[in-house]
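K.L.:
generate a structure from the sequence data that follows.
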Amino acid sequence: MRRSLRWGLHDGVPGQPRGAVPVRLPAGRNGHGAGGHGLRHSVLAPQGPLSGDGDARRPLHHRVHLLALGGSHRWRGGHQRPLSPDPRLRFLTDSRLFFLIVPACIAHLYFAKNLFRTRVGKAFVAIRDQDISAEVMGVDVFRYKLLSFAVSSFYVGVAGSLLAYQARIISPENFPLSVAIDHLGMIIIGGLGSVLGSILGAVFLTLLPEVLRLATSVLSGSFPHLVQLFTPLKVAVFGLTIVLFLVFEPDGLADLWRRVRNWFRLYPFSY
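P.N.:
Next comes the predicted model:
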């Protein structure tokens, strides 16, 4: 849950529009990830042990600082006039960009899935379950917490570079605190500590507004004022969905999918 709040730390880093330099696409994607990795180490390493709710509070106030710096520096262009060089990869249209994003997404999902099979991943799990017990067993809690920040920053850097190619321009105003709250909701609904849950949560919360919009348009004939209430209705349904999942399905859609899969695998026998 806390890790999702860390997502917004690098939203102020400027992205480049699609195809700004033809040979920079693979290198730029890795460069953004490495930049996020290094920035996370440089910002968080001097701050001492990471424990308790401080893990969530620190990235939130760092986010405010970086957004202010991103809007004031001349190289950034300010909040209202970000840099936007002319794109050169004319063949990289929105439809063709799909074939760039999907392989990158699959590769990073594969890495995340196999990360938990390694020594580092097992240390992450031990700290997640009980950091005091992990420290007693000899796990360097501070080192691995810092490493988890760095890994998450690398993922955010890669995602941000791909988003810049898709959106052509990136401005800090496009990433308010509500974006971090949406990511938090995706993790809660999908399932904490699950790679599959991150996918299911993102799909669920992406389709939820579309379903509400369709239902609103269908019911607008009987309830004309329903269209004007779409925005508050979406917020209310979003909050209600998170509460219902926390109460009735705390492990998220990933655990629900696991139970359904096991039921079909064992049917008609219960053993």
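K.L.:
mind checking pLDDT for Tyr155?
P.N.:
We have a pLDDT of 92 for Tyr155.
K.L.:
and it, what element?
P.N.:
helix 141-167 (DSSP states H and E).
K.L.:
state the next helix or strand along the chain beyond that helix.
P.N.:
Toward the C-terminus, helix 141-167 is succeeded by helix 177-190 as the next helix or strand (DSSP H and E).
K.L.:
mind exporting that following helix as PDB, just the C-alpha atoms?
P.N.:
Taking Å, rounded to 0.1, in the frame of the first residue of the first chain, the C-alpha atoms of helix 177-190 are listed here in PDB:
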ATOM      1  CA  LEU A 177      -2.100  13.700  -5.900                       C
ATOM      2  CA  SER A 178      -5.300  12.000  -7.200                       C
ATOM      3  CA  VAL A 179      -3.100   9.900  -9.600                       C
ATOM      4  CA  ALA A 180      -1.200   8.500  -6.600                       C
ATOM      5  CA  ILE A 181      -4.600   7.700  -4.900                       C
ATOM      6  CA  ASP A 182      -5.700   5.900  -8.000                       C
ATOM      7  CA  HIS A 183      -2.600   3.800  -8.000                       C
ATOM      8  CA  LEU A 184      -3.200   3.100  -4.300                       C
ATOM      9  CA  GLY A 185      -6.700   1.900  -5.200                       C
ATOM     10  CA  MET A 186      -5.400  -0.300  -7.900                       C
ATOM     11  CA  ILE A 187      -3.100  -2.100  -5.500                       C
ATOM     12  CA  ILE A 188      -5.800  -2.500  -2.800                       C
ATOM     13  CA  ILE A 189      -8.300  -3.800  -5.300                       C
ATOM     14  CA  GLY A 190      -5.900  -6.000  -7.200                       C
END
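K.L.:
what residues sit buried inside that helix?
P.N.:
Going by neighbour count (16 or more other C-beta atoms under 10 Å), the buried part of helix 177-190 is Ala180, Ile181, Asp182, His183, Leu184, Gly185, Met186, Ile187, Ile188, Ile189, Gly190. Placement of C-beta: from N, CA and C, glycine included.
K.L.:
can you list these in a markdown table and add distance to Phe142 and pLDDT?
P.N.:
Listed next are the buried residues of helix 177-190 as a markdown table, based on distance: C-beta to C-beta, whole Å; pLDDT from 0 to 100:
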| residue | distance to Phe142 | pLDDT |
| --- | --- | --- |
| Ala180 | 24 | 82 |
| Ile181 | 28 | 87 |
| Asp182 | 30 | 89 |
| His183 | 25 | 87 |
| Leu184 | 24 | 89 |
| Gly185 | 29 | 92 |
| Met186 | 28 | 92 |
| Ile187 | 23 | 91 |
| Ile188 | 27 | 92 |
| Ile189 | 31 | 94 |
| Gly190 | 28 | 93 |
